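> no sequence on this one, just coordinates:
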């Protein structure tokens, strides 16, 4: 029972609150990320927890105030207003109500009950439960045990037979050179060994992502403007397109789609990092580009199977399960820093919250959620104001449509950058 209380603490601020009916296991099974806990924990919590009753018109919390719990809306309606005075409503039973209305260390909105409401308060600890993988095996959920493709790949992965793509040669040489603390001229000479990468680097240095008056005319000027470390990340990013290839027509199409999605995410990450000034833009760009890189060895494995094993529905089921651990495995093999591995493992975890500082993972999580909001095929998404990463942003408002206005306003910059990377 003590471990359960570690996840679900009754809060001192709620001791004098009015409580109604008990929370049922069925309700808990609908709530993210509580639904990911074991059935035993959910049952135990439901047996001792009641819905807290709040009168209509009550202010639950105010923008920029400190948060000591995560809150779920169980019944009724609530209005959330951001720091610019723009508002939106969440109704109980809606897709957004499956997620907490707040879950960070600081509130990004003011919440007012529009009617009599029932809420559930849980400890913020539940939001930081890590989703780390041990890379010796892939655990297949019960509902996917009949997926033959996933079973085959799990054996392949566990037996250390994964075919990891190689980093492009120019990226490897440049990284080794920078580790030896070479000067600018040596780095430029390495980049110029690949004329295509050299030309693209100049284009990137002159694109709208960078504020520049005098265009860079050659590779040396481009590297001098961007900096050596940032150049290393950009060279890796620019050279990655060549590994998104397959001889299989169907897998080739999937890899082309993945490349475009990764490019878009990376551009969003760059803009958000640059605008917030809380992360290095080139680190963010590279993190967005490689966080799903594990899809490549999985799809290449599929491409080499007999046709009878290549079933689209099984690929769709398997990809969400394998992409994080495979991406982490690839990035470790490529000797990427731990912060990039953390991004790969947690960029789909809206409630990742390992510390108070705005991290590279926070950049990618916010950018990914922004990219997904509004997509009709992704209706079950939390409000962007409610996730922990949002509470760490400084000086960037969240729009009433629950998207990051800074990314919306930078559309032209993003599309011009995409054109360079995708050419």
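That came through fine. Not measured: the values here are computed from a predicted model.

> rest of the way, CA atoms for contacts and neighbours
OK.

> all strands for the protein, in order.
Listed from the start of the chain, the chain has strands (DSSP state E) covering 18-22, 50-54, 59-61, 70-75, 77-81, 87-91, 110-113, 117-122.

> what residues of the fourth one count as buried?
Within strand 70-75, the residues that qualify as buried are 70-75, counting by 16 or more other Cα atoms under 10 Å.

> likewise stretch 186-202?
187-188, 191-192, 197-202.

> likewise stretch 87-96?
By neighbour count, and taking 16+ other Cα under 10 Å as the criterion, the buried residues in stretch 87-96 are 87, 90-92, 95-96.

> cool, stretch 292-310 as well?
Taking 16+ other Cα under 10 Å as the basis for neighbour counts, the residues of stretch 292-310 that come out buried are 292-303, 309-310.

> start to end distance for that stretch?
21 Å (Cα to Cα, to the nearest Å).

> which residues touch it?
With contacts defined as Cα atoms under 8 Å, 6 or more residues apart in numbering, stretch 292-310 is touched by 148-149, 153, 162-165, 244, 246-248, 251, 255, 262, 319, 322-330, 344.

> need the strands of the chain in TSV (columns: distance to residue 175 and mean pLDDT).
What follows is the strands of the chain, written out as TSV (distance: least, Cα to Cα, whole Å; pLDDT from 0 to 100):
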stretch	distance to residue 175	mean pLDDT
strand 18-22	57	85
strand 50-54	55	93
strand 59-61	48	95
strand 70-75	42	94
strand 77-81	46	94
strand 87-91	47	89
strand 110-113	47	95
strand 117-122	45	94
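
> including distance to residue 284, could those strands go into JSON lines?
Written out in JSON lines, the entries for the strands of the chain read as follows (distance: least, Cα to Cα, whole Å):
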{"stretch": "strand 18-22", "distance to residue 284": "44"}
{"stretch": "strand 50-54", "distance to residue 284": "40"}
{"stretch": "strand 59-61", "distance to residue 284": "32"}
{"stretch": "strand 70-75", "distance to residue 284": "28"}
{"stretch": "strand 77-81", "distance to residue 284": "29"}
{"stretch": "strand 87-91", "distance to residue 284": "30"}
{"stretch": "strand 110-113", "distance to residue 284": "30"}
{"stretch": "strand 117-122", "distance to residue 284": "32"}
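
> for residue 340, find the nearest of those.
Nearest of those to residue 340, taken as Cα to Cα: strand 70-75 at 27.3 Å.

> and the angle for that closest one with strand 50-54?
For strand 70-75 against strand 50-54, the angle by axes from the mean of the first three to the mean of the last three Cα atoms, to 10 degrees is 80 degrees.

> and the angle for strand 70-75 with strand 117-122?
For the pair strand 70-75 and strand 117-122, the angle between their directions (the same axes, to 10 degrees) equals 150 degrees.

> could you say what helices and strands strand 70-75 packs with?
Other helices and strands packing on strand 70-75, by 3 or more Cα pairs under 8 Å, 6 or more residues apart in numbering; DSSP states H and E, are strand 117-122.

> how's this protein carved up into domains?
Described in terms of automatic domain parsing, the domain architecture of the chain consists of the residue ranges 2-128, 142-161+244-422.

> and of these, who's closest to residue 173?
domain 142-161+244-422 (12.6 Å).

> pLDDT on the closest one, on average?
Model confidence over domain 142-161+244-422, given as mean pLDDT, is 85.

> and that domain, how far apart are its ends?
Across domain 142-161+244-422, first to last residue, Cα to Cα, it's 40 Å.

> what do you get for stretch 187-198?
Criterion Cα to Cα; first-to-last residue distance in stretch 187-198 is 11 Å.

> starting at the chain centroid, how far to that stretch?
Here the centre of stretch 187-198 is set off from its chain's centre by 32 Å, with Cα atoms, centre = their mean, to the nearest Å.

> can you check stretch 306-321 too?
Mean C-alpha position of stretch 306-321 versus that of the full chain (Cα atoms, centre = their mean) differs by 23 Å.

> now stretch 362-370
When C-alpha coordinates are averaged (Cα atoms, centre = their mean), stretch 362-370 and its chain have centres 5 Å apart.

> now stretch 293-307
Taking the mean of its C-alpha atoms, stretch 293-307 sits 23 Å from the chain's own mean (Cα atoms, centre = their mean).

> when you give positions from now on, start the count at 200
Yep, numbering from 200; the last one is stretch 492-506 now.

> wait, residue 295 sits on residue 584?
No: here residue 295 does not reach residue 584: they are 11.1 Å apart, not a contact under Cα atoms under 8 Å.

> quick one: list the elements packing against the longest helix belonging to the chain.
Counting residues, the longest helix found in the chain (DSSP state H) is helix 448-475. Where contact means 3+ Cα pairs under 8 Å, 6+ apart, helix 448-475 is packed against helix 480-489, helix 494-502, helix 559-571, helix 604-608, helix 610-621.

> now the contacts of stretch 491-509: which count as buried?
Here the buried ones among these, as counted with 16+ other Cα under 10 Å, turn out to be 348, 352, 361, 363-364, 443, 445, 450, 454, 461, 521-529, 543.

> what sits against residue 404?
414-415, 421, 424-425.

> max pairwise distance over these: which two?
The widest separation within the contacts of residue 404, taken as Cα to Cα, falls between 414 and 425 and amounts to 12.2 Å.

> more neighbours: those two, which one.
Set side by side, residue 414 and residue 425 give different neighbour counts by other Cα atoms under 10 Å, the larger being at residue 425 (18 against 15).

> so which of the buried residues of strand 269-274 comes closest to residue 356?
Proximity of the buried residues of strand 269-274 to residue 356, judged by Cα to Cα, is greatest for residue 269, which lies at 36.9 Å.

> now residue 259. Nearest residue, chain neighbours left out?
Among residues not flanking residue 259 along the chain, residue 310 sits closest, at 5.4 Å (Cα to Cα, 6 or more residues apart in numbering).

> surely the one you found touches residue 282?
No: the pair formed by residue 310 and residue 282 falls short of the contact definition of Cα under 8 Å, at 11.5 Å.

> which of the two has more neighbours?
Neighbours were tallied for residue 310 and for residue 282 using other Cα under 10 Å; the higher tally belongs to residue 310 (24 against 16).

> thinking again about what came up before, next step: the buried ones among the contacts of stretch 491-509 restricted to helices.
In helices, defined here by DSSP H, the members of the buried ones among the contacts of stretch 491-509 are 348, 352, 450, 454, 461, 521-529, 543.
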